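here are the coordinates; sequence isn't available:
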């Protein structure tokens, strides 16, 4: 198994599975193919874990960060695939509709695997762009006005963003052309970065950050992410908020770690802090205003991506990675539960909800625990990562940034809590449509959501030292 | 022990003297000196009419109030003779016992559900609250002056004219305590027991519904309260060196003067407007602060 | 609901049992307990052990009451809700213990946040009502803002010292400016303790919480704010300046709290403001102790600490009694508005008796535990007055005047709570149909009251038992005459109670044969008196509020009758009690922040062309900032 | 030789600033594709067959023929002839394009980097900004696509300006991505037209807060 699971094998297998998914016309075949894809993913993850830092394919290599993100991807991919089938069942979608969705899902996840594995900046770019295209199919899934609009905007702005990032890569090679570092692989760049012209490095980083921000979902190009998460089916929103964001992080973080070996590191840090702070500001502004639950969750992702950038900028890399991973799980659970919310209320609006505790007790539990996780309070792991990030920031020369960030976080906490609590408790005085109650099967469907949230608690506080150690290694890209 | 006896004796005739003074000054003969005692005895013998609205609180309150005053009496010394229950900082206990009596009487008033009694209760609460700072500042100042913190020790070293003690301070202290006594006993210028317009009464209106034994207890309590403050005032004048018989004479003399003063004030002064009362009581605190500063100067702690 | 909470109650009992044993051991032997769990060290010195006992007592009382209280809960609740409530209760109990046995800032912050969040979830219990929901959310927001103080302290200390254990905090404070670490921490603790002007969450939250939780929060949780102030005050070698600051804040809190308590119409809010007052007194006394340490006056210091310790105990027990009584009344009448109550003593005698006894206690009247706990505070105050320095002496005057004013105001507040709420005649139908809940609800109340009574008659015993705690706080032994004084006070209290009994018996004997007639209350000739002519909660407070108007905020909505109104229409008179600070400071601030943030909300216009612009704006901004050397 | 192509390319940018009819814009895109091929052909130092064929495919086939054809088809299907709503007049638009070119020239001249070809750099930066300018100011979503393609052309020129080669595998991936994204965008333009009965951008703002 180990030796067999070369990344090429994985990509070939994924391509075959995607192809078969498109032509498979029975439900069981679809499920079987999805399952086999998950197995493929899992075995790739295991394989990469056992062959860390070995260059297998020309431009593909796994380091601990890759494996960490792959593990997250495997888990969330499995949950999303499972949820996708249920979603189609509830909506009564045709099998061909589902088939396209599944194939795109497989494509999407595989492209992200590519992003995690690539060690060449151009290839990262290419995989990220490809993930946009596959994601477009998934966002478009519902085929209504909103999804058309969101998909158009998403693809267009992603394309522009990614073009900007490409300009950033070109600027990097301008910086590199003065030296011998013609190779744009991360290893070569890291080796040569300190000889490059700092001005060009700064410009290229700026363009790369601005371009990839659309993937990471932070300022400046976060808007279309919000729209996409709004329009996509909830399990796809979960993936966009987690694994795709992780891919954006992976790209930005690898670039950061290349550049941080040079003299511009303080500048890099302050740019990341600025970007993170602006993201949190934007999140705060919109969470105060938003009336749509799904967009609320999307804005919360913006906030957490901002926190991750702040953690990176202040040097709390471990906290950044931990927060990223924990947020992936927590936010996925919330988005999946949002799916139930929509089924019960037939609306995305927050004020359509109310008395969720009685209508869907198990789901209400997910909302509560998820809210705690997103608000980063004990006993959630996010508490630990956010605390580490903020305390590290407070210990740096930029500690006064915290004076801006912390009040904004408080505003977000207030607004989020207010809205979720109103969904849970506010008595419903609506017409019969909204009086529906959750069925037993819906209660059962919350089990994976609880499992995801359990991971958030477990990883934060009771994770075995080996796991923590591995995360530590993953967060330090170069010694 | 002597103190308690003195208080009880004084309580017997205090109200009588006040009333007698008032009637003489008003050109009447007035009731006998012990009319008050007769009234109480009569009340003790009588049955009672109680309101259907009221509860156990209403019935229990006079008892607690009486006991609180009684306990307060045990804290007062007689010159160098220690009090029955002397301890450090008994000043605090003294003030709080009076507060306890007030607390239960207010509750009893509210228990009747009468609008008038509510009004009286409310005023009683506020005036009682406002008067306390003055009391504590005065006794705190005296404590600074003497270095002692219980009534017994305090009065064993302090009296008007005693060596090194400024007359001024004692006079001011006496003035403040006198006023406190008037307020606590619901007398002019804060309250007027004579008034028969319920809206203007404080203490009297609170006990409108009490009758029989309970009313008797209340009357005993208020007499004792007077006597209590009377003895407190007398203590300023009890020279330690004097023999007991002289001390007794001084004590009764002070109390008789006190009672006559009360009577005189009530004859010549009109009651304050209700609105003015808080401000009036606050003046006492200001005077008390004045005493405090004088003491600081006197003990060389504050150099001007 | 009841079953789930019973489980919680049992778990809470187990926690209490397990943690009390080491705590008692610490108190008896004087040896600190410490344990390594994971890589974290937990330590319980005598003060922690004392707090553990306080927490356990308070939690167990709340749990016992809660079981029965929830059994009478009228709303249908889902299993999730029950589990949430039970879990949060246990979590709160555990988190509070965690707070007092933490020995580094990380653990402290963790448990602190856990405490806030679990209590928030508990407050959510009645969140189906809009008011409760709003209150709960405001609560968590303010707690979160408060907790930031600990975060800031962690940031500064860990970056400078490489760790955050308390001993490193001490070193940090010694080697840097003390206030850098103390100020942020103090904000966190003051917020939790409800100190003026950070108290505004407290009344709303306590009113919104179910009664067993309000009792627990008020009796125990907010004390942990004081715990923090004491713990870190001592760590940073307290100076007279720190003491003075605490003293002044304590005075402001106490007076503000009790004056506002008088204004309240809501029974639970009244109790909550009274908790603000009591926290103020505790902090004032802490300040006094620090001042005494600064000027090296051991007697005053010990007296002040005794006051703190006794007051914590007394307030925990009495507030449990009072809030639980309020809970009974709420369940019986479905209202907390004093203006709708009255005459409860006839329909709910069991509850009202406890309310009465609790009211006596909380007003610190003789015969109650409140008196003995305020007594050492008076001692320290008067003794400070007698100190040689004029400025110190003045502080003594302030504290004594505060104590007596607070006592006087408390009498008004609680005669109002009891007199308007429970005595007189019923103002609406609600009190008439009410009845006492099952006797088991009153069991924990009597338990608490029994404890308080024990303190009242034997304060010396408690102080002796807690001499280790006092030694830990002051590093001094208790002077003998202080103990004697307290013993005398205790005896005096016992005598008072006994004499009341004797006189009552005598009165009974004397009046046994006398005829007793019953009739209507004397109406001064007016025969048609009914419940509506009684004094109300609003009118009873009116004259106090009038003289204290600068610190209260009671809005009156009433249109005066216009002489031109030929046929006056129906009129209404409505008053609303608000918190001055919340209404005049925090709310406008919050609204301002919200307005600014909302004004920024033009970015997500839906217009894609501007989205792309943002990328360039961002790049340009960073370039400009870089050129300006800001970044 | 290559300078001529560069100047021609910049001229097309000016023309874009003036153009009104969408079919003209599409034609200009085609011309740009061919000019890019010419430039690349001349610029390449050593021509190997693989690279040449790759560039041939990318410029002539994709940029010069395939994309314009597809755009034309989209125009026909949606019945769009010209940009009817302008936020800026043609005069202003031309002015802005001119300013962009001048500024790019100044920028390129101020950079002292031995490996950087100033002419290419000027043209590419101009193209990038003109593309963005088109996106910002035009109302039809199809024009947005055209703007994006102009931007892409600018990026292509930039890569020539840098003169640094990506590995072939990466280049192929990039090309594939671009192609797919253009196809997808074209598909979406159709869908927007179908669903919203409009191809104007300002009708496309249901998703907001």
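Thanks, I have the structure now. Nothing here was measured: the structure is a model prediction, and the numbers come from that model.

Double-check residue A:68 against residue A:322; I have them as touching.
No - with contact defined as C-beta atoms under 8 Å, residue A:68 does not reach residue A:322; the gap is 9.7 Å. Bear in mind the C-beta positions are built from the backbone N, C-alpha and C, glycine included.

So which of these two has more stuff around it?
Applying other C-beta atoms under 10 Å in any protein chain shown to residue A:68 and residue A:322 shows that residue A:322 carries more neighbours, namely 29 against 25.

list the buried ones in the strand or helix carrying that one?
Residue A:322 belongs to helix A:317-345 when assigned by DSSP states H and E. Across helix A:317-345, burial judged by 16 or more other C-beta atoms under 10 Å in any protein chain shown covers A:317-345.

name the element residue C:148 belongs to?
Going by DSSP H and E, residue C:148 is in helix C:130-161.

wait, does that helix contact chain A?
Yes - counting by C-beta under 8 Å from any C-beta of the partner chain, chain A has neighbours in helix C:130-161: C:130, C:133, C:136-137, C:140-141, C:144-145, C:148, C:151-152, C:154-156, C:158-160.

Check what pLDDT residue A:293 gets.
For residue A:293, the pLDDT comes out at 92.

Ok, residue C:604 next?
According to the prediction, residue C:604 has pLDDT 65.

same thing with the one 5 residues further on?
With respect to pLDDT, residue C:609 has a value of 79.

what's the distance between the closest residue to it other than its chain neighbours and residue D:25?
Among residues not flanking residue C:609 along the chain, residue D:136 sits closest, at 5.1 Å (C-beta to C-beta, 6 or more residues apart in numbering or on different chains). Per C-beta to C-beta, to the nearest Å, residue D:136 is found 15 Å from residue D:25.

what about these two, which has more around it?
Higher neighbour count among residue D:136 and residue D:25: residue D:25, with 26 against 17, using other C-beta under 10 Å.

List the contacts of residue C:392.
Contact analysis of residue C:392 by C-beta atoms under 8 Å, 6 or more residues apart in numbering or on different chains lists C:240, C:291, C:295, C:384.

tell me which of those is nearest to chain A?
The shortest approach to chain A among the contacts of residue C:392 belongs to residue C:240, at 30.0 Å (C-beta to the nearest C-beta).

which residues sit in contact with that closest one?
For residue C:240, the contact set (C-beta under 8 Å, 6+ apart) comprises C:290-291, C:294-295, C:392.

Could you work out the most separated pair of these?
Greatest spatial distance among those (C-beta to C-beta): C:290 and C:392, at 12.1 Å.

Need phi/psi at residue B:50.
phi -120, psi 150 (degrees, to the nearest 10).

Low-confidence bits of the chain, can you list those?
Just so you know, I chose chain A. Low-confidence segments of chain A, defined by pLDDT under 70: A:1-4, A:178-182, A:429-435, A:478-479.

let's do chain D instead
By pLDDT under 70, the weakly predicted segments of chain D are D:45-47, D:83-86, D:163-165.

All the helices of it, residue numbers only.
D:2-18, D:22-43, D:49-56, D:67-78, D:90-110, D:118-137, D:141-162, D:168-196 (DSSP state H).
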